[in-house]
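[1] My questions are about this predicted structure, shown below with the sequence.
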Amino acid sequence: MKITTPIKTVEMHTGGEPLRIITKGYPQIPGKSILEKRRYVRDNLDHLRHLLMFEPRGHFDMYGALLVSPSIPEADLAVLFLHNEGYSTMCGHAIIALGRYAVDQELVEVCEPLTTVKIECPCGLVVASVEVTDGKSGSVSFLSVPAFAFATDQKIHVEGYGDIQFDIGYGGAFYALASSEQLNLNIRRSLTRDLVDAADAITKTIRDNLKLSHPDSHDLAFLYGTILTDGRDHFSSEPTANICVFADRQVDRSPTGSGVTARIAVQHYKQQINMGQVRTFESITGSLFTAQVRNTLICGPHQAVQVMVSGKAHYLGESTFSHENDDKIGKGFLLK
């Protein structure tokens with residue numbers, strides 16, 4: 001593998017969750033649709049994901065965003081999401097960061113007090129609203145793709161943990177949702193590795209036993225991970241805490257934008273939250289997102305909602321990466 005063109009990135013984080021925005025150095029990505037582009041990158045350019053997400057340039061929990069040409073005319077930009085296992089279909093913390101980035105790079109016409117950024121994701125078009133004051137970007141909200149409860153109040157036997165009750169929600173990606181209390185764990189006090197082990201076991205068990213489907217594309221029909229919660233699903237003005245473990249045991253430092261969307265969709269379906277009620281979600285770093293149901297609609301056979309999620313991203317710096325031809329280790333590795 002030889003990289004003839006250096007790869008340039010902008011480094012950001014949202015609530016502690018990293019985002020490496022790849023701005024230059026990738027080859028042209030063919031494909032008539034965003035899902036075709038995702039398949040092409042997965043099948044032909046996965047060595048570059050290893051190079052940028054894995055050590056020594058990244059780490060086990062690194063997350064990336066590759067800017068590509070939009071395939072729909074209404075989009076201002078398009079993005080593919082990268083992580084330790086492959087390519088996600090949606091990432092809320094990345095959308096929040098990309099909203100600021102688009103405004104600051106003037107990829108869209110900047111308006112005060114709010115600038116709209118339309119971002120094409122593999123799950124569909126996501127519309128971000130960026131607060132702008134005196135030309136400076138600030139907090140970002142985004143309106144999700146149609147989100148829905150796929151399965152509720154299910155039970156499954158998870159080896160080592162017994163019978164576990166769970167829901168499955170879709171918020172641009174599918175998540176299993178389960179209270180940590182039934183695992184004798186506490187989101188705020190238990191060791192992170194214990195929470196990760198439990199969430200990973202749930203994900204693997206459900207993947208082996210439950211088939212998912214999405215009305216728009218088979219490419220969207222996979223269980224991305226499990227979100228363990230504090231069980232506080234009924235509406236409250238107090239934050240509800242959760243931890244999202246996705247891909248290959250990757251831990252989200254933020255409350256998880258697509259995961260919050262999925263939780264809100266399930267809560268609305270179960271009549272635990274009303275239209276317009278604002279809930280606050282807390283991550284393992286203590287960072288906060290807020291979310292609320294903004295619209296109801298139909299997505300195939302599902303009663304669906306559009307969720308508005310709000311948060312703040314921050315800049316960390318810029319990077320230029322290269323690779324020497326004889327550096328085998330530098331192609332990327334992970335220590336688990």
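    Ah, there it is.

[2] Residue nearest the middle of this structure, spatially speaking?
    For the chain, the residue nearest the mean C-alpha position is residue 91 (2.4 Å; C-alpha atoms, centre = their mean).

[3] Now do the same contact list for that one.
    By C-beta atoms under 8 Å, 6 or more residues apart in numbering, the contact set of residue 91 is 63, 65, 81, 121, 172, 257-258. (Each C-beta comes from the backbone N, C-alpha and C, glycine too.)

[4] out of the residues you listed, who has the most neighbours?
    residue 258 (37 neighbours; other C-beta atoms under 10 Å).

[5] Am I right that that one sits in a helix?
    Yes. Read with DSSP: H, G, I helix; E, B strand; the rest coil, residue 258 is one of the residues of a helix.

[6] I figured it hits residue 174, correct?
    No. With contact defined as C-beta atoms under 8 Å, residue 258 does not count as touching residue 174 (9.4 Å).

[7] anything in contact with each of these two?
    Residues touching both residue 258 and residue 174 by C-beta under 8 Å, 6+ apart: residue 224.

[8] Name the nearest of the contacts of residue 91 relative to residue 240.
    Within the contacts of residue 91, the smallest distance to residue 240 is 15.1 Å, found for residue 257 (C-beta to C-beta).

[9] Quick one: residues contacting the closest residue to that closest one other than its chain neighbours.
    Spatially, and ignoring its direct neighbours in sequence, residue 257 is nearest to residue 92 (1.1 Å; C-beta to C-beta, 6 or more residues apart in numbering). Going by C-beta under 8 Å, 6+ apart, residue 92 touches 142, 144, 171-172, 254, 256-261, 289, 309, 311.

[10] Tell me the one of the residues you listed nearest residue 35?
    Nearest to residue 35 among the contacts of residue 92: residue 172, at 13.1 Å, using C-beta to C-beta.

[11] In this structure the closest one contacts residue 125, no?
    No. In this structure, residue 172 sits apart from residue 125 without contact. The criterion is C-beta under 8 Å, and the distance is 10.9 Å.

[12] hey, what's in contact with both of the two?
    Taking C-beta under 8 Å, 6+ apart as the criterion, residue 172 and residue 125 both touch residue 145.

[13] Pass me the low-pLDDT residue ranges in this structure, would you?
    Applying pLDDT under 70 to the predicted model, the residue ranges of the chain that meet it are 1-4.

[14] List the contacts of the helix ranked longest in it.
    In the chain, ranked by residue count with DSSP state H as the criterion, the top helix is helix 192-209. By C-beta under 8 Å, 6+ apart, the residues outside helix 192-209 that reach it are 156-161, 164, 166, 168, 176, 178, 180, 183, 185, 187, 222-223, 225-228, 243-245, 249, 251, 284.

[15] and those residues, which are buried?
    Neighbour-count burial (16 or more other C-beta atoms under 10 Å) applied to the contacts of helix 192-209 gives 156, 158, 161, 164, 166, 168, 176, 178, 180, 183, 185, 187, 223, 225-228, 243-245, 249, 251, 284.

[16] ok, back up a step: who are the packing partners of the next helix or strand after the longest helix of the chain?
    Taking DSSP states H and E as the definition, the helix or strand that follows helix 192-209 towards the C-terminus is strand 223-229. Secondary-structure packing of strand 223-229 (3 or more C-beta pairs under 8 Å, 6 or more residues apart in numbering; DSSP states H and E): strand 174-179, helix 192-209, strand 240-246, helix 257-269.

[17] Need the winner for burial among those.
    By mean neighbour count, with neighbours taken as mean count of other C-beta atoms under 10 Å, helix 257-269 ranks first of the helices and strands packed on strand 223-229 at a mean of 30.

[18] Could I have the CA atoms of it written out in PDB?
    Extracted as PDB, the C-alpha positions of helix 257-269 are listed here (Å, rounded to 0.1, in the frame of the first residue of the first chain):
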ATOM      1  CA  GLY A 257     -27.100  11.200  18.500                       C
ATOM      2  CA  SER A 258     -28.600   8.400  16.600                       C
ATOM      3  CA  GLY A 259     -29.000   6.400  19.800                       C
ATOM      4  CA  VAL A 260     -30.900   9.300  21.500                       C
ATOM      5  CA  THR A 261     -33.100   9.400  18.400                       C
ATOM      6  CA  ALA A 262     -33.800   5.700  18.800                       C
ATOM      7  CA  ARG A 263     -34.600   6.100  22.500                       C
ATOM      8  CA  ILE A 264     -37.000   9.000  21.900                       C
ATOM      9  CA  ALA A 265     -38.700   7.000  19.100                       C
ATOM     10  CA  VAL A 266     -39.300   4.100  21.500                       C
ATOM     11  CA  GLN A 267     -40.400   6.300  24.300                       C
ATOM     12  CA  HIS A 268     -42.900   8.100  22.100                       C
ATOM     13  CA  TYR A 269     -44.200   4.700  20.800                       C
END
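
[19] That one versus strand 223-229: what angle between them?
    Direction vectors for helix 257-269 and strand 223-229, defined by axes from the mean of the first three to the mean of the last three C-alpha atoms, to 10 degrees, enclose an angle of 70 degrees.

[20] ok now helix 257-269, how far from the chain's centre?
    13 Å (C-alpha atoms, centre = their mean, to the nearest Å).
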